[in-house]
Structure formats: structure tokens, C-alpha cells
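Novice: Show me how the following folds:
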Amino acid sequence: MSTEIKGKESLEYDSEPCDWPSGKQSQAFKQLNKEVLDILLFDPKAFSALKGGLTNATVDSLGIKDISPFSVFNDKHVRKAHDAATQLSRKPKETMLKALKFLRTAHPKSPFIEYLARITFMRHPETRDATLPPSRQTLPSAYFTQEEIFDAMKAQEQDAGSFLVAPFRAMDTQQSKGKFDRERELSWWREDIGLLEHNFNWHLYYPYPPNHPRDRQGELFAYMHQQMLARYDFERLAMGLDRVMPYGPGYGWDRPLNEGFNPRMALCSFRPSDMYVAPPDAHPNPRAAHEEMERHKERLRDGIARGSLYNKDEVKIPVDMNKLGNTILANAGSVNKNLYGEINNQGHLIIANMNDPPRKYQIQPGPLNWDQTGPRDPVFYRWHKFVDLLFEEHRMNLKSYTRKDFEFPGIEIESFEVELHPDEYHKKNVSKSLEKTNNFYTYIESKDYTAYNLDPERKVKIEKKNYLNHIPFSYKLSIKNENKRDATVVFRVFLAPDMDESLDEMRCMFVELDRFIVTLESGKESHFIQQRNRKSSVVRRPQMSVEDIENGKDDKSHGNCCGWPLNLLIPRGTKHGMKGNLYVLATDWTEDAVNPQESVRGPISYCGEKGEQTVYPDTRPMGFPFDRQVVDGNKDPIDDIAEMAKMVPNSYMTRVKLNYLGEWNREESAGEKSK
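Specialist: Predicted coordinates for the structure are as follows:
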């Protein structure tokens with residue numbers, strides 16, 4: 001679970017605990033992975049048999065049919081998917097695999113069948129630990145634009161007219177040509193494949209109906225989306241844009257939506273600018289009308305202000321972040337779904353169907369209909385800013401933190417800095433020398449992806465431009481443990497832009513970078529700790545690709561596909577160096593942990609532990625210490641982060657710069673290597 005640090009030797013902390021399996025899998029397990037993979041890939045022979053009239057008795061008996069357009073925000077759709085997955089998971093493995101093979105062959109481009117197959121694999125007792133490939137490879141139409149797919153297939157002399165590819169519609173590659181549409185300047189971030197996969201995998205691991213919510217699912221929903229907003233706002237500030245403004249009932253819901261958006265995808269329709277949310281009589285579900293959502297919002301606000309919500313028996317239930325989150329999610333943990341509605345899910349559906357609310361003209365919904373495509377749309381962040389305001393009202397009612405809530409007696413952080421590893425940065429020639437201390441460096445490059453289920457016979461290589469990455473780095477800490485016993489310490493690392501705002505006004509701007517645990521020996525000598533960026537508790541471990549599974553490689557991610565993309569760990573910054581504040585707080589893991597003796601594995605910060613029955617390992621409120629107001633001894637709000645760090649010896653604040661180096665040119669780099 002932790003690494004023991006002795007004496008003055010600088011030791012690199014290994015965030016993958018020693019009792020975690022090395023990733024070696026048996027041949028039988030690798031064969032299982034290949035069997036599962038076979039279901040997710042299109043099979044021309046099976047398709048020929050299907051055209052010949054082949055049927056499947058299991059599918060027929062269970063009445064499983066495709067749903068189009070499918071949405072994870074539609075209660076009926078998700079219930080049907082989970083009901084079918086439950087029935088299939090009770091069948092023998094071979095029966096289940098044959099049924100899914102039939103469905104996948106019959107509907108090779110269906111998001112519903114993709115979702116059904118994955119949740120069935122995660123639930124079936126014989127496949128729940130199997131390694132699944134990235135969904136970008138098995139359902140590429142949900143991740144890549146039509147132009148990207150068409151250009152890739154054309155360049156490789158593949159049939160772009162394949163029935164697996166939607167008819168190509170020529171259109172401009174920009175999301176808009178509006179002279180004043182500055183939102184397109186951040187399309188590189190919103191369309192990052194790792195970001196889209198993170199959103200898909202999170203909702204896959206934390207579905208809402210019909211399952212009972214996982215441990216602290218409502219609170220994690222609030223925290224994960226708040227962190228997405230904080231990171232997006234960070235990028236907006238670096239681009240000279242204002243922070244995200246909310247959009248929802250009471251926040252522009254009754255006015256035209258300025259942001260139009262063209263996703264350039266066959267899966268989604270575009271949305272012109274200045275559209276209105278449909279009036280109630282134009283929506284097929286009157287409960288989803290914006291007037292009804294306004295009432296749900298006000299009922300929630302009233303309950304938050306009073307500190308309690310009413311359940312179905314009209315009994316007052318004390319509000320906490322988890323109950324509030326489950327109620328907004330409208331899952332089985334909702335305090336009262338009839339009274340408080342389905343705010344998050346219905347908001348997604350209303351915005352997604354602005355083009356055709358009653359589905360009269362069968363126009364495809366917009367990006368917010370799907371979890372893979374939602375983050376592409378600028379209004380996704382405006383909607384979730386509205387949702388986060390409800391959570392923020394609750395946060396403002398929480399008892400303020402004082403110094404006592406942060407203290408760890410006997411522990412003092414003496415220094416905290418960032419050390420660059422330019423020796424690992426072989427891709428770019430930099431005209432100026434890099435500052436190796438307390439500087440982050442980012443750059444833009446192109447990245448190649450392989451996709452399947454486009455060409456019936458072979459894979460397609462797709463080039464994705466404007467891929468943000470950063471030079472590797474590590475955190476270096478000097479810390480003292482003056483206690484008479486060893487201390488198990490959890491370090492909580494956050495980054496925020498340097499802004500002319502009070503700490504309370506910018507609490508929501510702190511992005512979590514890492515959370516790691518170290519055991520320090522007792523004594524007065526300083527201990528030196530080094531933690532690498534790639535081991536962050538925020539980021540997803542490298543996921544096994546289709547090629548890795550076919551080649552029988554070992555899965556070092558242990559099947560945990562959730563987590564933030566490593567390439568987006570650090571905000572882009574500016575060419576002149578954007579100022580930021582890096583903060584670390586050391587607290588007692590023996591008091592903070594659910595079970596201090598258990599190992600903490602993988603990207604726990606935004607995703608928790610893998611498995612439906614696992615508990616979130618950290619008992620502190622998510623976002624601690626920035627989840628509420630912080631006050632001094634006189635109960636006055638702390639003005640800035642430097643004052644807070646000075647007040648707490650077991651914390652430290654370091655001023656850093658975020659430097660953007662520009663675009664890496666492959667041809668120039670290759671030319672340099674040849675010299």
C-alpha cells in the first residue's frame with residue numbers, strides 16, 4: 001500500500017503497491033480475452049450467415065432488440081440494457097457469447113449493442129475480469145469525425161463506401177466558420193479521444209438504473225464533473241476566454257442558446273446557434289419540459305437550504321453530498337424521484353433533441369445524447385456548470401474547515417517542487433533551454449489510432465491532430481516526521497491558476513493532480529520523496545488495445561479502464577508561461593482510509609476502486625480540502641492559498657509556470673535525427 005522512506009536517501013515512490021499482481025495472466029485468461037474480443041469485432045463470415053437467415057434462440061426468447069437512438073440518459077433504454085445483461089449473465093458462457101455475437105453481427109454500428117455487450121461482460125461470472133479493448137477501436141463512429149474516418153480509409157485505399165461506414169457528407173472540417181465563435185479554439189481539448197473515453201468508461205462503471213448506486217456514487221458524480229469543469233475553465237483562461245457560464249432552468253433556459261455546434265459525425269446532428277429549448281407542448285414527455293425541471297430545481301434548492309429532502313413517505317432525510325448526487329442522477333438512491341425529478345438525465349435529453357423534440361422528423365439527437373460524444377459540445381460544460389451550482393449551494397452550507405481539520409502533528413513539509421525530465425522528451429527541438437524546476441511544459445502533436453469495424457476485412461489507421469501532451473516530470477518533497485512512531489501519510493496534490501480572487505471564490509478551480517501514500521519512519525531527519533507524473537491517482541493506466549489482446553500481452557491495468565487521460569493531466573498554459581499555484585497537503589492515512597491495511601490501486605481519485613461492491617478508499621470528502629470554505633482562528637475566510645499553506649505546517653504551496661511550446665513537427669524531428 002505504501003513505500004517506507006528511511007533516512008536522507010531520495011526514494012521514488014511506487015504507486016503500484018507491492019502486493020498488487022504484476023499483471024501476468026495465464027494462457028487460459030488470455031484465451032478468454034480473445035473470445036470476448038471476437039464478439040466486439042465485426043465478422044464477415046458471421047454476417048454472411050446472418051444474411052442467409054441465421055437466427056439465435058437466446059436472443060429470440062429474451063426479446064432483445066436494438067434501440068436507436070440509444071442514450072444512457074434515458075431511463076427506459078438503460079433499464080432494457082441492464083435487464084438483458086442480467087438475463088444473459090445467468091446463461092452459460094458459450095450461450096451468452098453466441099447471443100452477443102449474433103447481436104453484434106446484426107447491428108455492427110449500434111451504440112446500444114456495444115453498451116449491452118460491455119455491461120454483460122462486466123457482469124457475467126466467467127467474463128467479469130476479462131480485458132476489454134478501448135471502445136474507440138470497436139465503435140469508432142462515436143469518437144472520430146466523418147472526415148477523419150473517410151480520409152483515413154481513402155489514404156489506405158480502403159472502401160470508404162463500406163456498409164459499416166455511414167454515407168459521407170462533405171462539410172467543412174471546422175465546427176463553425178463564425179468569425180466570433182471562439183469556442184472552436186478549444187475543440188482540440190473537447191475532442192481529445194482520452195477525454196471522451198473517460199466519460200464513457202465512467203458512466204459504464206457507474207450506471208444509474210436499475211442498479212443500486214455504488215458506494216458514494218452520487219458524491220463521485222458531483223466531484224468528477226466538478227473536476228472536468230475546473231480543468232476546462234483552466235484551459236479557457238489560458239486561451240483568454242471567460243470561465244464557463246451555466247445553462248439550465250433559470251440560467252438562460254428561456255433565451256436562445258448562443259452556442260451552435262457541428263460535431264461532423266454521422267452519429268449526431270448539428271445544432272444551429274440561437275436555438276430555444278422546446279416549449280412543453282413540443283416535447284413527447286411533459287415531465288421533461290423545462291417548466292417541470294424548473295420546479296424540480298426549486299424543490300431541490302429549498303431542500304438544500306433547509307438541510308433535508310422529503311422521501312416518498314414525506315419523511316425528512318438529512319442532505320449530504322451523496323444523497324444529493326444520487327437524487328440529481330435519479331438512480332435507485334434518489335431520495336424521491338417523483339418530487340425531485342431527473343434533472344441531469346432530462347437536461348441531457350432536452351438539449352440533445354432541440355432540433356426535433358418530438359422526433360417527428362427522425363433527426364438524430366445532438367452530442368449530449370451519448371456519453372462518448374457529450375464532452376465535444378461546448379454546452380455540455382454549461383449544462384454541468386448549472387448542475388454543479390446545485391452542489392455548490394450545498395457546499396456553502398457545510399461547516400467551514402479550520403486549521404484543526406488539516407493538522408497532522410509532528411509532520412512538516414520543508415519543500416515541494418516540480419522537477420522536469422527533459423531526457424524523456426525526445427520529440428521536440430526547443431530553441432530555448434528549459435527551466436527544470438517548477439515549470440510544466442506542454443506541446444501539441446499528432447497521434448495515430450487504429451480502429452476496427454469500419455472496413456470488413458482489416459483495421460483502419462486514423463490520424464488525430466492537435467493532441468496535447470507534456471514533458472514528463474516528478475514531484476519532489478522534503479518532509480519531517482518528528483513523531484515517536486512511523487507515520488503513514490497521504491499526499492494530496494492540487495493545481496490552480498494564479499488569479500486575483502479570494503480562496504473561497506476560486507475553490508472550484510483547484511484540479512487534483514495526485515493522491516499517493518507513503519510511510520515515513522520516525523525521527524528528526526528529513527525524508528525525500530519523489531513521485532512520477534505517470535503514476536498519478538487521477539490518470540488511467542495504459543489500456544490493452546485490440547492488437548495487445550490478439551498478441552497475448554499481459555494487462556498491467558488490471559482491467560480498470562476508467563481514469564483521466566495522462567496527456568491532459570497538465571493544462572496547456574501559454575507561450576509566455578501561465579502562472580499557477582501547486583499545493584500539497586499531507587494528512588494521516590490511518591485516520592483517512594476506510595481500511596489503512598488495504599492497497600490503494602489505480603485511478604481512484606475520479607473512479608474509485610474497480611468492482612461494483614468496492615468502497616471508495618478515502619473517507620475524506622471528495623475534493624478535500626477545497627470542497628468548502630476555510631476560515632482562520634477568528635472564523636474569517638482565508639484570503640489566499642499562500643496564507644492557508646503558512647497556517648498548516650503539513651502543507652506547502654509552490655508557484656509554478658505552465659509553458660506551451662507549440663506544435664511538434666514530425667518532419668523537422670525526423671530531419672534532426674538523420675543529421
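Novice: The nearest residue to residue 145 once chain neighbours are set aside and residue 372: what is the separation?
Specialist: Nearest non-adjacent residue to residue 145, counting by C-beta to C-beta, 6 or more residues apart in numbering: residue 264, 4.3 Å away. To be clear about C-beta, it is placed using only N, CA and C from the backbone, and glycine gets the same treatment. Going from residue 264 to residue 372 by C-beta to C-beta, to the nearest Å gives 15 Å.
Novice: Looking at the two, which is more packed in?
Specialist: Neighbour count, other C-beta atoms under 10 Å: between residue 264 and residue 372, residue 372 has more, with 28 against 20.
Novice: Which other helices and strands does the longest helix along the chain contact?
Specialist: Ranked by number of residues, the top helix in the chain under DSSP state H is helix 217-238. Here helix 217-238 touches helix 187-190, helix 321-329, helix 378-397, strand 511-520, helix 604-607, going by 3 or more C-beta pairs under 8 Å, 6 or more residues apart in numbering; DSSP states H and E.
Novice: Tell me which residues touch the residue nearest to residue 520 when sequence neighbours are not counted, please.
Specialist: The shortest distance from residue 520 to any non-neighbouring residue, by C-beta to C-beta, 6+ apart, is to residue 481 (4.2 Å). Contact analysis of residue 481 by C-beta atoms under 8 Å, 6 or more residues apart in numbering lists 410, 411, 487, 489, 520, 521, 522, 523, 527.
Novice: Would you confirm that residue 589 contacts residue 492?
Specialist: No: between residue 589 and residue 492 there is no contact under C-beta atoms under 8 Å: 10.7 Å.
Novice: Just give me the residue right at the centre of this structure.
Specialist: When C-alpha atoms, centre = their mean is applied to the chain, the residue found nearest the centroid is residue 198 (3.7 Å).
Novice: hang on, the earlier thing: so which of the contacts of residue 481 are in strands?
Specialist: 411, 487, 489, 520, 523, 527 (DSSP state E).
Novice: out of those, who has the most neighbours?
Specialist: Counting neighbours by other C-beta under 10 Å, residue 489 comes out on top of the ones in strands among the contacts of residue 481 with 27 neighbours.
Novice: Run through this structure and note the low-pLDDT ranges.
Specialist: 1-23, 52, 158-180, 209-210, 278-289, 425-432, 558-559, 665-675 (pLDDT under 70).
Novice: can you give me the strands for it?
Specialist: Remark: strands assigned in the chain by DSSP E are 3-5, 10-12, 308-310, 316-318, 411-420, 439-451, 460-470, 473-481, 487-497, 511-520, 523-532, 578-588, 651-663.
Novice: Make a markdown table from those strands and add distance to residue 204 to it.
Specialist: Shown next, in a markdown table, are the strands of the chain (distance: least, C-beta to C-beta, whole Å):
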| stretch | distance to residue 204 |
| --- | --- |
| strand 3-5 | 32 |
| strand 10-12 | 33 |
| strand 308-310 | 28 |
| strand 316-318 | 29 |
| strand 411-420 | 33 |
| strand 439-451 | 19 |
| strand 460-470 | 22 |
| strand 473-481 | 31 |
| strand 487-497 | 27 |
| strand 511-520 | 22 |
| strand 523-532 | 28 |
| strand 578-588 | 31 |
| strand 651-663 | 32 |
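Novice: quick one: which of those strands is nearest residue 110?
Specialist: Shortest separation from residue 110 across these is recorded for strand 439-451, at 16.3 Å, computed as C-beta to C-beta.
Novice: I'd like to know which elements the closest one is packed against.
Specialist: Using 3+ C-beta pairs under 8 Å, 6+ apart, strand 439-451 sits against helix 135-138, strand 411-420, strand 460-470, strand 651-663.
Novice: go with 6 Å
Specialist: When contacts are defined as 3 or more C-beta pairs under 6 Å, 6 or more residues apart in numbering; DSSP states H and E, strand 439-451 packs onto strand 460-470, strand 651-663.
Novice: My read is that residue 621 contacts residue 492, right?
Specialist: No: at 11.7 Å, residue 621 does not count as touching residue 492 under the criterion of C-beta atoms under 6 Å.
Novice: the more surrounded of the two?
Specialist: Neighbour count, other C-beta under 10 Å: between residue 621 and residue 492, residue 492 has more, with 24 against 19.
Novice: got the contact list for that one?
Specialist: For residue 492, the contact set (C-beta atoms under 6 Å, 6 or more residues apart in numbering) comprises 515, 585.
Novice: Tell me where the stretch 101-250 of the chain has helices.
Specialist: Assigned by DSSP state H, counting those that start in this stretch, the helices in the stretch 101-250 of the chain fall at 111-123, 135-138, 146-155, 187-190, 193-205, 217-238.
Novice: Dump those helices to a markdown table, plus distance to residue 342.
Specialist: Output for these, formatted as a markdown table (distance: least, C-beta to C-beta, whole Å):
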| stretch | distance to residue 342 |
| --- | --- |
| helix 111-123 | 19 |
| helix 135-138 | 25 |
| helix 146-155 | 32 |
| helix 187-190 | 25 |
| helix 193-205 | 15 |
| helix 217-238 | 13 |
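Novice: can you tell which of the ones you listed is closest to residue 368?
Specialist: Closest to residue 368 of the helices of the stretch 101-250 of the chain is helix 193-205 (C-beta to C-beta; 11.2 Å).
Novice: For the closest one, which helices and strands make contact with it?
Specialist: Against helix 193-205 (3+ C-beta pairs under 6 Å, 6+ apart) you get no helix or strand.
Novice: which residues sit against that helix?
Specialist: Residues outside helix 193-205 that contact it (C-beta under 6 Å, 6+ apart) are 72, 135, 136, 143, 371, 372, 375, 561, 562, 564, 565.
Novice: Repeat that for stretch 588-595.
Specialist: Residues from elsewhere that reach stretch 588-595 (C-beta under 6 Å, 6+ apart): 408, 488, 490, 517, 596, 615, 617, 618, 619, 620.
Novice: Of all pairs in the residues you listed, which one is the farthest apart?
Specialist: Maximum pairwise distance among the contacts of stretch 588-595 (C-beta to C-beta): 23.4 Å, between 408 and 615.
Novice: between these two, who's got more neighbours?
Specialist: Set side by side, residue 408 and residue 615 show more neighbours around residue 408, with 22 against 15, by other C-beta under 10 Å.
Novice: list the contacts for the closest residue to the more buried one other than its chain neighbours?
Specialist: Computed as C-beta to C-beta, 6+ apart, the closest residue to residue 408 that is not its neighbour in sequence is residue 650, at 4.2 Å. Residues near residue 650 by C-beta under 6 Å, 6+ apart: 408, 411, 586.
Novice: Give me the contacts around stretch 657-665.
Specialist: The contact list for stretch 657-665, computed with C-beta under 6 Å, 6+ apart, reads 427-428, 439-445, 571-575, 577-578, 580.
Novice: Report the buried residues of that stretch.
Specialist: Of the residues in stretch 657-665, 657, 658, 659, 660, 661, 664 count as buried by neighbour count, 16 or more other C-beta atoms under 10 Å.
Novice: same deal with stretch 617-635?
Specialist: Result for stretch 617-635 [16+ other C-beta under 10 Å]: buried residues 617-618, 620-631.
Novice: ok, of those, which one's closest to residue 552?
Specialist: Nearest to residue 552 among the buried residues of stretch 617-635, counting by C-beta to C-beta, is residue 617 at 31.8 Å.
Novice: so who does the closest one touch?
Specialist: The contact partners of residue 617, taken as C-beta under 6 Å, 6+ apart, are 594, 600, 604.
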